[in-house]
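**Student:** using only what follows, build the 3D model:
(one chain, ligands or ions: 1)
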Amino acid sequence: LNKRVIVWFRQDLRIHDNEALYEALRSSDQVIPVFIYDERLFFSKSKFGFPRIQIQRAQFLIESVQNLAENLKLHGLDLIIRLGKPEDEIFKIAQKAKTNWVFCNRERTQEEVYVQDQLEQNLWSIGQEVRYSRGKMLYFTADLPFPVTHTPDVFTQFRKDVERIIPVRKPIECDFSTVRQVEIDLESTPITNTSQLGFDKDHVKLLYPGGETKAIERLQYYIWESKLISSYKNTRNESFGMDYSSKFSMYLATGCLSPKKVYHEIKKYEEMHGSNDSTYWLFFELLWRDFFRLMAKKHGNKIFKAGGTKEKVDESLTDNFHLFQIWADARTGYPFIDAGIRELKETGFMSNRARQNVASFLIRYLKINWQMGAEFFESYLLDYDPCSNWGNWNYIAGVGSDPRENRYFNPVLQARKYDADAKYIKHWCPELEKLPASVAIFPSAVSETELEEYDFILGRDYPKPVIKL
Ligand SMILES: Cc1cc2nc3c(=O)[nH]c(=O)nc-3n(C[C@H](O)[C@H](O)[C@H](O)COP(=O)(O)OP(=O)(O)OC[C@H]3O[C@@H](n4cnc5c(N)ncnc54)[C@H](O)[C@@H]3O)c2cc1C
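**Tutor:** Reported below is the predicted structural model:
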């Protein structure tokens, strides 16, 4: 072999079922694994002036990269870590180490594509090149029964076209047995705390810790130990607690967990314990993830634009920063909405039900440009993924692939249905604790006199509703 290569880790922070790593190990005996913290993410603002990434997401990334370094070390490889521009730093490493190729899993969204294209151009100048793998989806595009450009725009159609026809490939296993550590002194600056990435604080404690090891633990727990997967369909619309849904999303988004691995664990579980609607439904949700990725591939940058994949701008929406701030500060006076935003800001996570509600509230009731909401989510969500986030916002804003027109969620009716005992609301809005559940769901639905009986005054103890529904 006598080849020396770089594996550039990106949103694939794992050693299991990692195609780029697999290909690198197969094609060479000297592998330099690299992760670059992209400075543009930490030291610049979004279009609407928000931080690109909040501290929770940064902490999750640090934990995931540290864990990747540990897992690679078990196989004798040192992860090179730097802060800078990947296209420059990897180029420098390639130049110094005189490598043959750079392996990476290909990304498909604009910023990620820009970086990989720049790197490729830099590498060409020294006679090297990028070799791409694809490690993101359940399905391989080559296995799909249609070309990407013909992917059905309606999810149900997509699902029917693929689910029964195409097998999900088996996860691949990397063989580290012949690989050697490269004997070249390459600068590496491990990032161990968030202040190195420009945050005021060193560290935040996460409810959902990062890393491949934690991802596999969660998979074990959710499927095998607790068997919660067998009741997933009944609980998935809840919002309170750790167990109503899988909480795989942050691991899938950062690539700490492979979707193919999840799929094959589900299948193994079904063989041993039987299949039901719930075991199927987890697979069904994973299909949404593939669907949004294919939508982004098919429609390119449209998913980020006001008109979405439909190219239909909703002229009634405005960039009203004042109203937006009320939503973002969780002061809307609608407890289900405020609870969701508070949870997101505190933990970097929110249930799917709450996400749909806060997004729909911003767009349908406050009439705010949905792109502001999408950017806000982008900075906070531990599971931020360009395709899933912008795709879902397209969908709720009615500019994506939703076949239903004018989908909206009434946050009071939704809370009555999905948080009837107000557990979620009271956890995140403890000022409502003293109210009975039915009142806490929407305090302004009852009279001031009744509220006074609970020593509760709207406007003092909790905001009055920002608008009437
Ligand atoms: C406005 C909005 C923005 C969103 N942004 C993101 C995002 O940036 N990243 C992200 O991973 N999900 C996003 N979602 C989808 C969904 O809310 C989360 O994937 C889910 O809540 C994560 O929790 P879980 O892992 O416990 O999900 P589970 O219910 O256990 O589902 C299992 C997995 O299926 C996938 N999945 C489930 N629902 C969806 C969906 N609607 N779209 C795409 N994949 C899905 C996820 O990978 C998830 O981990 C968004 C939804 C909305 C409404």
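
**Student:** contacts and neighbour counts: CA atoms only from here.
**Tutor:** OK.

**Student:** what mean pLDDT does the helix or strand in which Ile90 is found have?
**Tutor:** Ile90 is part of helix 86-97, with elements assigned from DSSP states H and E. Taken as a whole, helix 86-97 has a mean pLDDT of 98.

**Student:** pull the CA atoms of that helix into CSV?
**Tutor:** Output of helix 86-97 as CSV, limited to C-alpha atoms (Å, rounded to 0.1, in the frame of the first residue of the first chain):
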residue,chain,number,x,y,z
PRO,A,86,-11.0,23.5,7.3
GLU,A,87,-10.0,24.3,3.7
ASP,A,88,-6.8,26.0,4.9
GLU,A,89,-5.9,23.8,7.8
ILE,A,90,-6.4,20.5,6.0
PHE,A,91,-4.5,21.9,3.1
LYS,A,92,-1.6,22.7,5.4
ILE,A,93,-1.6,19.2,6.9
ALA,A,94,-1.8,17.6,3.4
GLN,A,95,1.1,19.7,2.3
LYS,A,96,3.3,19.0,5.3
ALA,A,97,2.5,15.3,5.5
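
**Student:** which positions in it come out as buried?
**Tutor:** 86-91, 93-95, 97 (16 or more other CA atoms under 10 Å).

**Student:** out of the residues you listed, which is nearest to Ser230?
**Tutor:** Nearest to Ser230 out of these is Pro86 (CA to CA; 42.3 Å).

**Student:** re earlier: adding distance to Asn71, write the buried residues of helix 86-97 out as TSV.
**Tutor:** Output for those, formatted as TSV (distance: CA to CA, whole Å):
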residue	distance to Asn71
Pro86	22
Glu87	25
Asp88	26
Glu89	23
Ile90	21
Phe91	25
Ile93	22
Ala94	23
Gln95	26
Ala97	23
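
**Student:** among these, which one lies nearest to the ligand?
**Tutor:** Nearest to the ligand out of the buried residues of helix 86-97 is Pro86 (CA to the nearest ligand atom; 22.4 Å).

**Student:** quick one: the residue lying closest to the closest one once chain neighbours are set aside from Ile90, how far?
**Tutor:** Sequence neighbours aside, Ile36 is the residue nearest to Pro86 in space, at 5.5 Å (criterion: CA to CA, 6 or more residues apart in numbering). As defined by CA to CA, to the nearest Å, Ile36 lies at a distance of 8 Å from Ile90.

**Student:** now Leu61
**Tutor:** For Leu61, the distance to Ile90 (CA to CA) stands at 19 Å.

**Student:** now do Phe442
**Tutor:** Applying CA to CA to Phe442 and Ile90 gives a distance of 54 Å.

**Student:** ditto for Val65
**Tutor:** In this view, Val65 and Ile90 are 17 Å apart by CA to CA.

**Student:** for Thr318, what are phi and psi?
**Tutor:** Note on Thr318: its backbone torsions stand at phi -130, psi 170 [degrees, to the nearest 10].

**Student:** just checking, it touches Ile368?
**Tutor:** Yes. With contact defined as CA atoms under 8 Å, Thr318 and Ile368 form a contacting pair (5.0 Å).

**Student:** what about these two, which has more around it?
**Tutor:** Ranked by neighbour count (other CA atoms under 10 Å), Thr318 and Ile368 place Ile368 first, with 22 against 16.

**Student:** I figured the more buried one hits Asn320, correct?
**Tutor:** Yes. Using CA under 8 Å, Ile368 makes contact with Asn320 at a distance of 6.3 Å.

**Student:** tell me which parts of the chain are close to the ligand?
**Tutor:** Applying CA under 6 Å from any ligand atom, one finds that the chain approaches the ligand through 236, 245-249, 252-253, 282, 285-286, 288-289, 351-352, 355-356, 359, 383-385, 388-389, 392-393.

**Student:** filter those residues to the buried ones?
**Tutor:** Buried among the residues of the chain next to the ligand (16+ other CA under 10 Å): 236, 245-249, 252-253, 282, 286, 288-289, 351, 355-356, 359, 383-385, 388-389, 392-393.

**Student:** so which of those sit within helices?
**Tutor:** Judged by DSSP state H, the subset of those located in helices is 249, 252-253, 282, 286, 288-289, 355-356, 359, 388-389, 392-393.

**Student:** now the residues you listed in JSON lines, with pLDDT?
**Tutor:** Listed next are these as JSON lines, based on pLDDT from 0 to 100:
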{"residue": "Ser249", "pLDDT": "98"}
{"residue": "Leu252", "pLDDT": "98"}
{"residue": "Ala253", "pLDDT": "98"}
{"residue": "Leu282", "pLDDT": "97"}
{"residue": "Leu286", "pLDDT": "97"}
{"residue": "Trp288", "pLDDT": "97"}
{"residue": "Arg289", "pLDDT": "97"}
{"residue": "Arg355", "pLDDT": "98"}
{"residue": "Gln356", "pLDDT": "97"}
{"residue": "Ala359", "pLDDT": "98"}
{"residue": "Ser388", "pLDDT": "98"}
{"residue": "Asn389", "pLDDT": "98"}
{"residue": "Asn392", "pLDDT": "97"}
{"residue": "Trp393", "pLDDT": "97"}
